[in-house]
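Peer 1: compute the structure for the input listed below.
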Amino acid sequence: MSEQLNKEIIVFITAPNEDEAAGIARSLVEARLAACVNIVKNVRSIYTWQGKIQDDSEVLMIAKTRRDLFDALSVKVKELHSYDVPEIIALPIIDGSEDYLKWLRESTGQ
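Peer 2: Here you go, the predicted model:
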């Protein structure tokens with residue numbers, strides 16, 4: 001298990017379309033707030049918003065980053081995102097390839 005246990009995280013961010021997601025993803029990687037952002041198309045989201053059930057097509061960004069960068073990443077996403085309340089949630093990486101995790105840390109400036 002990595003000695004960096006739980007210092008790396010996965011952040012889920014949804015966006016209304018691939019173009020917006022790509023812009024956000026590129027900005028996060030360029031700012032070194034994420035090592036990599038995958039964009040998954042054709043996500044169907046069913047949720048409550050302003051008292052009504054919504055059923056929308058979205059894309060999902062999966063950002064790999066460090067826990068200590070979450071606040072800055074969140075601020076950047078909110079600056080660029082068209083939603084009033086964008087989904088920005090983090091999950092810990094509990095284990096992984098040490099080579100990959102080392103690359104993740106190096107790619108985010110550590």
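Peer 1: bridging residues for the residue lying closest to residue 42 once chain neighbours are set aside?
Peer 2: Beyond its immediate neighbours in the sequence, the residue positioned closest to residue 42 (C-beta to C-beta, 6 or more residues apart in numbering) is residue 57, lying 6.9 Å away. Every residue, glycine included, has its C-beta placed from N, CA and C. Taking DSSP bridges as the rule, residue 57 bridges to residue 44.
Peer 1: residue contacts, residue 57?
Peer 2: Residue 57 is in contact with 42-45, counting by C-beta atoms under 8 Å, 6 or more residues apart in numbering.
Peer 1: gap between it and residue 46?
Peer 2: From residue 57 over to residue 46 the distance is 11 Å, taken as C-beta to C-beta, to the nearest Å.
Peer 1: same check, this time on residue 7
Peer 2: 34 Å.
Peer 1: repeat that for residue 108.
Peer 2: Applying C-beta to C-beta, the value for residue 108 to residue 46 is 33 Å.
Peer 1: burial of residue 28, as a residue count?
Peer 2: Residue 28 sits with 26 neighbouring residues when counted by other C-beta atoms under 10 Å.
Peer 1: same thing with the one 10 residues further on?
Peer 2: Here the neighbour count serves as a burial measure; for residue 38 (other C-beta under 10 Å) it reads 12.
Peer 1: the nearest residue to residue 87 once chain neighbours are set aside pairs with what?
Peer 2: Taking C-beta to C-beta, 6+ apart as the measure, residue 87 lies nearest to residue 14, with 4.6 Å between them; neighbours along the chain are not counted. Residues in a beta bridge with residue 14, per DSSP bridges, are residue 60.
Peer 1: isn't residue 14 up against residue 56?
Peer 2: No - contact between residue 14 and residue 56 fails when scored by C-beta atoms under 8 Å: they sit 9.2 Å apart.
Peer 1: for the one helix or strand residue 72 maps to, buried residues please.
Peer 2: Residue 72 is part of helix 70-80 when elements are defined by DSSP states H and E. Judged by neighbour count (16 or more other C-beta atoms under 10 Å), helix 70-80 contains these buried residues: 70, 73-74, 76-77, 80.
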